[in-house]
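# got a predicted structure plus its sequence, pasted below:
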Amino acid sequence: MRSSFPTYLRVVGALFAAVAVVTVMGSQDPSGAAPAARPEINPIGVQVVGQGELLVGAPAAVRVVLTDHRTGEPIEGGRVTVRLSPADKNEYDTLARSRTDALGTTEARFDVPELEPGDYDLLIAGRSAAGSDETVQRVRLVRRAQILLTTDKPIYQPNQTMHIRALALRQPSLRAVADAEAVIEVRDAKGNKVLKRPLRTNDYGIVATDFVLADEVNMGRYEIRCLLGSQEAQKTVTVERYVLPKFDVEVSTQKQYYLPRETVEARCRPITSTACRCAGRRSRSR
């Protein structure tokens, strides 16, 4: 009986040959045209280092590096342009122009324009004799304000009036935040919100309001807040019953009367009726 092993080898070899033919035929263009040439790599490389969040009205900068992909060397004297556009709108305004140094790097400085906070596209374009390239980075513009919250005194009694005022200044210019929505809130010692008053800043960035305490209130520390957009300031005052110190002043002199041009020496001594430590003072008069 003959072995079937040589026949098996012939069958496997025929199958491999068929697969090879199909692979070669499938890789050819049906029209018989030569395969398209591979696209060339852009010789210019643009690398950007910068912040993802920019403060409106503040100075900013991005570090840009231009390199030649073919040689790996930095590109000296390359022109760099920085533009800004609302996100996905392709409406770019030029912020800065600069040239790279011998290391192929430059720091493009600019002032962030007075735009509404939100997402924007920052386009950085590099150009040289070897070619040009550009990249787009998503950045977020934000506004920040410095708020000074004050009251007329640190301690109040029931049935007294809190005089509250806040001053808002734009950072970093410290200009007044005019005609902006603000909210003044007051919480009592138990965390109950006893006041919420919406206001608008005047031309000087100031809001002010009064809050009258009731006769019967929760004693303790009250928290006052001023909210301006995402910014806020806090201040704590105390509400408690207290009695102002009462005292009399006793004045004594060395003589009962004095002639013109004589020096009068008097001693003042407070006489207190509450726990108040006061020291006597001497006074001289002519």
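Cool, the structure landed. Numbers count the residues shown, from 1 in each chain.
# neighbours around the residue nearest to residue 177 when sequence neighbours are not counted, how many?
Of all residues beyond its chain neighbours, the one nearest residue 177 is residue 168 (4.0 Å), with distances taken as Cβ to Cβ, 6 or more residues apart in numbering. All C-beta spots, glycine's among them, are computed from the backbone N, C-alpha and C. Residue 168: 24 surrounding residues under other Cβ atoms under 10 Å.
# pass me the low-pLDDT residue ranges in this protein, would you?
Within the chain, the stretches with pLDDT under 70 are 1-41, 272-286.
# domain parsing of it, as residue ranges.
As assigned by automatic domain parsing, the chain contains the domains 44-142, 145-239, 247-285.
# strands of the stretch 151-286 of the chain, start to end?
155-156, 161-170, 175-176, 181-187, 193-200, 206-212, 220-228, 231-239, 247-253, 264-272, 281-285 (DSSP state E, counting those that start in this stretch).
# kindly reformat those as a markdown table containing distance to residue 42.
Listed next are the strands of the stretch 151-286 of the chain as a markdown table, based on distance: least, Cβ to Cβ, whole Å:
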| stretch | distance to residue 42 |
| --- | --- |
| strand 155-156 | 70 |
| strand 161-170 | 42 |
| strand 175-176 | 44 |
| strand 181-187 | 48 |
| strand 193-200 | 52 |
| strand 206-212 | 55 |
| strand 220-228 | 47 |
| strand 231-239 | 44 |
| strand 247-253 | 87 |
| strand 264-272 | 87 |
| strand 281-285 | 86 |
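# so which of those is nearest residue 143?
Nearest to residue 143 among these is strand 161-170 (7.4 Å), distances taken as Cβ to Cβ.
# and the closest one, how far out from the chain middle?
21 Å (Cα atoms, centre = their mean, to the nearest Å).
# surely residue 182 touches residue 197?
No - the pair residue 182 / residue 197 is not scored as a contact, 9.3 Å apart, by Cβ atoms under 8 Å.
# those two - which one has more neighbours?
The residue with more neighbours, out of residue 182 and residue 197, is residue 182; 24 against 14, by other Cβ under 10 Å.
# now do that one against residue 56, distance only.
18 Å (Cβ to Cβ, to the nearest Å).
# hang on, the earlier thing: wait, which of the strands of the stretch 151-286 of the chain is closest to residue 147?
Closest among those, using Cβ to Cβ: strand 231-239, at 3.8 Å.
# the closest one pairs with which strands, parallel or anti?
Note on strand 231-239: by DSSP bridges, its sheet partners are strand 155-156 (parallel), strand 220-228 (antiparallel).
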